Every structure is written in structure tokens, then in C-alpha cells.
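Novice: Next comes the sequence, and after it the predicted model I'd like to discuss.
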Protein chains: 2
Amino acid sequence: MPTNDLNNALTSTNTPADESSRRSLTLLGLGAMGTAFARAWLAAGHDVTVWNRTPSKAAALADEGATVASSAAEAVAANRLVVTILLDDASVREALDGVELTGKDLVDLTTGTPASARARATWADARGARFVDGGIMAVPTMVDVPQAGGYVFYSGSPELFEEHRETLAVPLGTKFVGTDPGFASLHDIALLSGMYGMFAGVTHAFALIRGEEGIKPTEFAPLLADYVAAMGHVIPATAARLESGDYTTGVVSNLAMQAAGVPTFTGTAEQYGVSTELLAPFFALMQRHAAEGGGGADTAALVDVLRG
Amino acid sequence: MPTNDLNNALTSTNTPADESSRRSLTLLGLGAMGTAFARAWLAAGHDVTVWNRTPSKAAALADEGATVASSAAEAVAANRLVVTILLDDASVREALDGVELTGKDLVDLTTGTPASARARATWADARGARFVDGGIMAVPTMVDVPQAGGYVFYSGSPELFEEHRETLAVPLGTKFVGTDPGFASLHDIALLSGMYGMFAGVTHAFALIRGEEGIKPTEFAPLLADYVAAMGHVIPATAARLESGDYTTGVVSNLAMQAAGVPTFTGTAEQYGVSTELLAPFFALMQRHAAEGGGGADTAALVDVLRG
């Protein structure tokens, strides 16, 4: 018997119940994301009990090997590990209202705020369950496609996370970011906020060149993509300044210089009939801080200005 | 005599005046960027005649081999190729007011709008000069550092650009983007607009995590940088939709779904005392278009909404 097989046999012999429970779980919520997660676990050979408020969505999964529970309570009773991917936090509360949770390991991947995750953790604790909140950094088409790079932020009970780490790692990558159950959501929201800012800038950029028939969007796109990627160096640089508190040493383009350039941006937008609404607040923030004595500072100084 | 030397000798014999003129130029404006350009040309063995409104800035360059002119007119008279890197378009007009420009090749790297570049091109044409406008996509520390990836957008006279291409390529890379003299500025402003949007998102993201002592900015930064880079795939995808006009086929996260998530973002910002001013306009734009029947569309649809 090769060493690996021996190890596996010993593990199985020593902890058959644990091994088995580690490969079985309950999933509440079969929207696009929940369904993708269920399929990933089924494909990996896990026993998956599913429940959805609208039963029709569970039918296809039954054909693929899932056990369909007729109620959330029945689904939760079937396994120790219970994963929720529901519409919102209110849906989690409703689905689990009155359901016995003692001894359960609850992993809530429903999108919410850090405060709602912390409240749900307190609520789970009062019901005798361990709790981990998660923030999914992927769209359903990235589930079970490792090369797509999608992952889930997890925070809360480290014991729960360690025990179910392998199961949780099946649909998407995992990043545990702390014992505070609000941290997964905070990381999730912060990263998406960065993304939405980039989307706003990209929308403005395309709106400008859209005014010229002589510039093809698909020819302009690589220039924009390369430039935004290159300017991403501002992210580690900003982090370093936030930690040192030094916003003025070695600044290449300070806020006074950048604020002076704003009329060129607004003038160009006006020439092309593009609303400045998406960028105006950042320009105003730069101008305000420059006018209030921060003209020599790096843009990193704006982080704390935004906190008021 | 090796082949390369023979070619050089033949070239020199056949066009000595052209070769010489291609390696000499006049530069007006010695701010941080102008000075960096002058040093790059001097280091590459070019004859550089410089002029600056404040003469003191030229002194150091004289020691490095530059010829210092006592007036803009004298500087312009010295060479066919005249490069301007001045404060703004008004400074260009003032510096060259009444200066003889017939037969000159004017390359204006002063920051301005597409309309000001076009007006300056018409003005140059009326004075018998060829004209190219440029938009510098770099900070001074990137000049003459090829691996830093900085470059200049050029547009206007293709004959001027071709004739002086090698000289122009010395300080930074070159990208010629069309005969319309406004296109270099438009590309410049559009790319920087994308960057400012990204800066706004990054500022908001750091402001959120800044509210938690348990999260170090330098540990969060790589997560944010990787995520923003990964989400850059939206740029070519948006360009393709703008050209096809199809905003609804194969949409993974449509505007209705994204608009529904907005309260999670505003709620999280409120919990951490972070102003939503930077992201609110993009959220409002998504919500507005979703409410007006565009809920099934991709974010690419917002480009034309922004054009009004």
C-alpha cells in the first residue's frame, strides 16, 4: 500500500464520521449563485441537501444528485454545515426563523453590510451555532473555474472555517480575513467600491471618445486598459502613506498641480457634451483639500478627508 | 567597413543637412517636464536650444550643453523643430506672439483641451508652420526611463511627425493617433479620466478599511490592486458592446441587479462614517437607467446615457 493510500486509510479509520460530515452540507438558496455552488459541490462528490423558497429551482438539481428538502428546517436538520446564499439578510432571518440551530455551523454568503453580518453572528451565537460570514468576489460563471480567479472572503469563527475549509474551497478560492464577522463584508464592499470608481472613470472616458467617429472604441480600449492598470501603482503607494502618515515627501503630482488641471477635464467634457457628474466630486475633493492647505499633498491624503 | 557603418556613411553623405537638423531642436519651457525632456535630448547627443520665461532655470542646462536663448524669437530662429512644454495654451500664444514661424515644425506638448489644440493648429497654419499637438502620459521621473512605460500621444501633421519621429522618441515613447490635432489631447484626457475614476474608487475603499484598526492598509492594498486589475476586463468588453450596440446579450450582472445592491454600499459607508460623495453619482446613474427601462442592460449602456 503506497504511503498516501495508507494515510487516507488511517484517516478514514480514525475519523469516519468527521470525514463523512466534511463532505456533506446543506445549501439554502438556489439563485444563480447558489445553483452554481450546488453544482460545484455535487461535481466534487459532496452530498448536498438543498432548499429554495421557490421549489421549482431545486428540481434540476435533484436530477444531478442533490437531496431536495421540503422545508428550511428539514434542510438544516440534515447536516452540520449550513450555507446560505439568499437574496438579503432579511431572507436569512425569515428562512431560519424558529429553526433549530444548536450545534450547527452556519456560513452566510448572502450579501450584506458589516453591521448586518455582526448582528447575524450574535443571533447565531444565541442559538448555539458557530458562524462565519462570507463575501463572494465572483459572478456565477466563475464558480468552479479555478483559472477565473474568483474567491470568497470569510470572517468569523476560525474553528468553523478550519473544519470546513476543504468543502468551502470547492466552488471558489477562500480568503479568511479575521475573526470579526464583519470583515468579510467590509473587504467585499471595499473592493467593489474600488471597482465602481474605475467603472465610473471608464464610462466617462468612453463617453468622451464616443464623440469622435474617427476613434474606434475597440482601438481605444487597450490604451485605456493599459493605462488604468499602470496607474494601479497608486494603490500600494497610498497604503504606504496611510501607514506612515507622510503625505508630502516625494510627491510627484501634488494636489495643487492636479487641481490646476481640472478645467482641462471639465472643458473637454463640455466640448464633447459629456456630463461631468461622475468625476466632478473627486475633482471637487482635490480642489477643496488643496484650498485648505493640502496643496502639497499626495492624493493619499484624500482618504482621511473623505472620512470627515 | 562594416555594413552598418557604410549605411551610416552613405546616409550622412547624401543628406547631411537633414541628418543634422534632425538632431537639433528648440525647446520652450523648462518646468519639471521641460527640463527632463531637455536632459534626455542632451544625453542622446542632440543640440538643444532652450528658452524659459524665468531665465534662472536655463542656467543648469547650459552647464549640461544646452544653448540658452535670450528670447523666444531667438530660440525659435535657431531650429526648424520647436517643442513647447509651457504652463497652458495662453502661455504658448504669449511666448510665440509676433515670432516668425514660417517653415517651422511646431510640436506643442502643453496640456490643453482638444478645442485649444485645434485652434492652435489653425493659428500655426496661418503662420506658415506645420503643427503637431501632444499629450504626455508620464510624470517627469519617467522621462528617459524606457522601462517606466511613459509615452506621448501625438496628432496633427503626419509629415512633421514622420520627419522628427526619432527625435521625438528620445524622451518618451510615441503614439501617433490621427491627423486631427485634437485627438492627442482627447486621448490624454480620456485616459486620465479613467485614472481619476479609479482614484476615486480607491480613495473610497481605503476610507472604509481605515475605520478598522484590525486591517492594515498595506495588507489590504494587494487585494484591492488585484481586484481592480482583474475587473479591467470590463474595458474591452465595454468597447465591443459600444461597437455592436448590443447591451443586453449575455449580461452577467445587469443594471437592475447592481442597482439593487446600492443600499449595501451606502449602508456600509454610513456605518464607517465615510462620505458617499465619490461613488453616489455612478450609483445614481445605474439606478436612473435601470428605472427608465434599462435594467437588463450591461454597464456599457451608461456610456451613451452620460452623453445625454
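Specialist: Yep, that arrived.
Novice: Once you drop chain neighbours, what's closest to the residue of the stretch 51-200 of chain A at minimum distance from chain B?
Specialist: Residue of the stretch 51-200 of chain A nearest chain B, by Cβ to the nearest Cβ: A:Gly197 (1.7 Å). All C-beta atoms are positioned from the backbone trio N, CA, C, and that covers glycine. Counting by Cβ to Cβ, 6 or more residues apart in numbering or on different chains, B:Gly201 is the residue found nearest to A:Gly197 once chain neighbours are left out, at 1.7 Å.
Novice: quick one: the strands in the stretch 1-150 of chain A?
Specialist: A:24-28, A:47-51, A:67-68, A:81-84, A:105-108, A:130-137 (DSSP state E, counting those that start in this stretch).
Novice: helices and strands around the third one, which ones?
Specialist: Counting contacts by 3 or more Cβ pairs under 8 Å, 6 or more residues apart in numbering or on different chains; DSSP states H and E, strand A:67-68 is packed against strand A:47-51, helix A:56-63.
Novice: Please apply the same query to the first one.
Specialist: Contact here means 3+ Cβ pairs under 8 Å, 6+ apart; on that basis strand A:24-28 packs against helix A:32-43, strand A:47-51, helix A:72-78, strand A:81-84.
Novice: What average pLDDT does it get?
Specialist: In this model, strand A:24-28 has a mean pLDDT of 98.
Novice: how far off helix B:183-209 does the longest helix belonging to chain A point, in degrees?
Specialist: The single longest helix within chain A, with elements called by DSSP state H, is helix A:183-209. On the basis of axes from the mean of the first three to the mean of the last three Cα atoms, to 10 degrees, helix A:183-209 is oriented at 160 degrees to helix B:183-209.
Novice: after helix A:183-209, next one along is what?
Specialist: helix A:217-231 (DSSP states H and E).
Novice: Give me the average confidence score over that following helix.
Specialist: pLDDT averaged over helix A:217-231 gives 97.
Novice: So it, near chain B or not?
Specialist: Yes - using Cβ under 8 Å from any Cβ of the partner chain, helix A:217-231 reaches chain B at A:217-218, A:220-225, A:227-231.
Novice: Can you lay out the residues you listed as a markdown table showing neighbour count?
Specialist: A markdown table is the format used below for those (neighbours: other Cβ atoms under 10 Å in any protein chain shown):
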| residue | neighbour count |
| --- | --- |
| A:Pro217 | 21 |
| A:Thr218 | 13 |
| A:Phe220 | 24 |
| A:Ala221 | 24 |
| A:Pro222 | 12 |
| A:Leu223 | 21 |
| A:Leu224 | 26 |
| A:Ala225 | 19 |
| A:Tyr227 | 23 |
| A:Val228 | 23 |
| A:Ala229 | 15 |
| A:Ala230 | 16 |
| A:Met231 | 21 |
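Novice: Of those, which pair is most distant in space?
Specialist: A:Thr218 and A:Met231 (21.1 Å; Cβ to Cβ).
Novice: Contacts only, for the closest residue to A:Gly98 other than its chain neighbours.
Specialist: Among residues not flanking A:Gly98 along the chain, A:Ala73 sits closest, at 7.6 Å (Cβ to Cβ, 6+ apart). Neighbouring residues of A:Ala73 by Cβ atoms under 8 Å, 6 or more residues apart in numbering or on different chains: A:98-100.
Novice: Are any of those buried, and if so which?
Specialist: A:Val99 (16 or more other Cβ atoms under 10 Å in any protein chain shown).
Novice: Just give me the closest of the contacts of A:Ala73 to B:His164.
Specialist: For the contacts of A:Ala73, the nearest to B:His164 is A:Val99 (76.1 Å; Cβ to Cβ).
Novice: Quick check, the residue in the stretch 201-308 of chain A closest to chain B?
Specialist: A:Gly201 (1.7 Å).
Novice: Could I get the contacting residues of that residue?
Specialist: Counting by Cβ under 8 Å, 6+ apart, A:Gly201 has contacts A:228, A:278-279, B:193-201.
Novice: and A:Ala240, what helix or strand is that in?
Specialist: helix A:234-244.
Novice: In that helix, which residues are buried?
Specialist: A:234-235, A:237-239, A:241-242.
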